[in-house]
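Undergrad: I'll drop the sequence and a predicted model, then ask my questions.
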Amino acid sequence: MPENKKSRAILKWPSPRQAYFSCENYKEAFPAVPFWKEMCYTGSIFDEVLRVTNNMNYFSGNMNLVENKGVTYLTFPALEAFPFVRHAFSTRLGGVSQEEYASMNLNFGRGDPDENVRENYRRFCNAVGFDPHTLVASAQDHHTFIRRVTAENRGIGIWKPKDMQSVDGLITNEPGVTLVTYYADCVPLFFVDPVKRAVGLAHAGWRGTVAKIGEEAVKAMQREFGTDPRDVFAAVGPSIGPCCFEVDTPVYEEFAGQKELSPQEFITADGGGKYHIDLWEANRRILLQAGVPDAQISVAKLCTKCHSDLLYSHRASGGKRGGLAAMICLEEA
Ligand SMILES: [Zn+2]
């Protein structure tokens, strides 16, 4: 990664534009760019960043925004540090899908023709460096079952039919098997055990968060690979943020009941029976409880709803949307 060419190039940023920051977390996510405080957030800000940085990787503080071969994606620096791991989180940029699916839709079954979604997978894999034939996708129906997959499962959910009912998390210790999970506001969780050489992904919607799917994933890695939670590096990816995840009393009560997580630390009451929940912090606390060290947990702090120009958001789009994907694999030696 071109360390010296990162944020310095951003200082060439042109004159300020009209608009405003829609999300306080934006500034948190981009601490290297303090002058953005006076700057304006427009729908094209990421394109501009990519342009002025001359297509160099841009380090956001929490995630890298990378452009390669016309595809823009996000990675975690903490996971990039492992040369035997390849991972990425997609954005909307660089695909072939149209209208509400524009353009890098990686979700089947939402009305976008399957051939578009498959072409998007090919483009995404080509840009990030995954072999598209190694993909294995979960089903994701808001359960907490974690499935161990192997080379035999490659192609499922992308090139072959899904057979992952009730599976919301995938783990593997086989190189050359690329795990895939889908998102559009829910929380992506990434796992790397550099000691036992294993990786995992889990889809934590609010139900999955309440059911502690993050802990389930760590337990599954313990059971299947002998993982010590103290060795695990975990990352909480882009999702709907505390700025935008407003809930009513029934959902609030599910979270408030998790006393062992100190829910007052991630719930804000707005009055009138409305609450804001910080799913990032809830998941971080669940990972800590599962034994993952604090220093080994990265949190993207990037809100899908605030940045629905870059990321699909179910809430921002009223459900008319494509889908993002998290992917991770162990590299073949
Ligand atoms: Zn937000």
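TA: Nice, I can see it.
Undergrad: doesn't E67 belong to a helix?
TA: No: applying DSSP: H, G, I helix; E, B strand; the rest coil, one finds E67 to be strand, outside a helix.
Undergrad: what segments of the stretch 1-150 of the chain are strands?
TA: For the stretch 1-150 of the chain, applying DSSP state E, counting those that start in this stretch gives strands covering 58-59, 64-68, 71-75, 85-90, 135-137, 145-148.
Undergrad: who's in contact with the longest one?
TA: It stands for strand 85-90. Residues from elsewhere that reach strand 85-90 (CB atoms under 8 Å, 6 or more residues apart in numbering): 63, 66, 73-76, 79-80, 104, 106, 124, 128-130, 178, 188, 190, 192, 194, 199, 237-238, 300, 324-331. Quick note: C-beta positions are derived from backbone N, CA and C, even for glycine.
Undergrad: parallel or antiparallel, list what pairs with it.
TA: Counting by DSSP bridges, the strands paired with strand 85-90 are strand 71-75 (antiparallel), strand 324-330 (antiparallel).
Undergrad: got the angle for that strand vs strand 64-68?
TA: 90 degrees (axes from the mean of the first three to the mean of the last three CA atoms, to 10 degrees).
Undergrad: now strand 85-90, how far from the centre of its chain.
TA: Centre-to-centre, strand 85-90 and its host chain are 9 Å apart (CA atoms, centre = their mean, to the nearest Å).
Undergrad: ok, the third one next?
TA: A distance of 11 Å separates the centroid of the chain from that of strand 71-75, by CA atoms, centre = their mean.
Undergrad: repeat for the second one
TA: Between the centre of strand 64-68 and the centre of its host chain there is 14 Å, according to CA atoms, centre = their mean.
Undergrad: repeat that for the last one.
TA: In terms of CA atoms, centre = their mean, the centre of strand 145-148 is found 19 Å from the chain centre.
Undergrad: which elements pack onto the next helix or strand after that strand?
TA: Downstream of strand 145-148, the next assigned helix or strand under DSSP states H and E is strand 167-172. Contacts defined by 3 or more CB pairs under 8 Å, 6 or more residues apart in numbering; DSSP states H and E place strand 167-172 against strand 145-148, strand 178-183, strand 198-204, helix 213-225.
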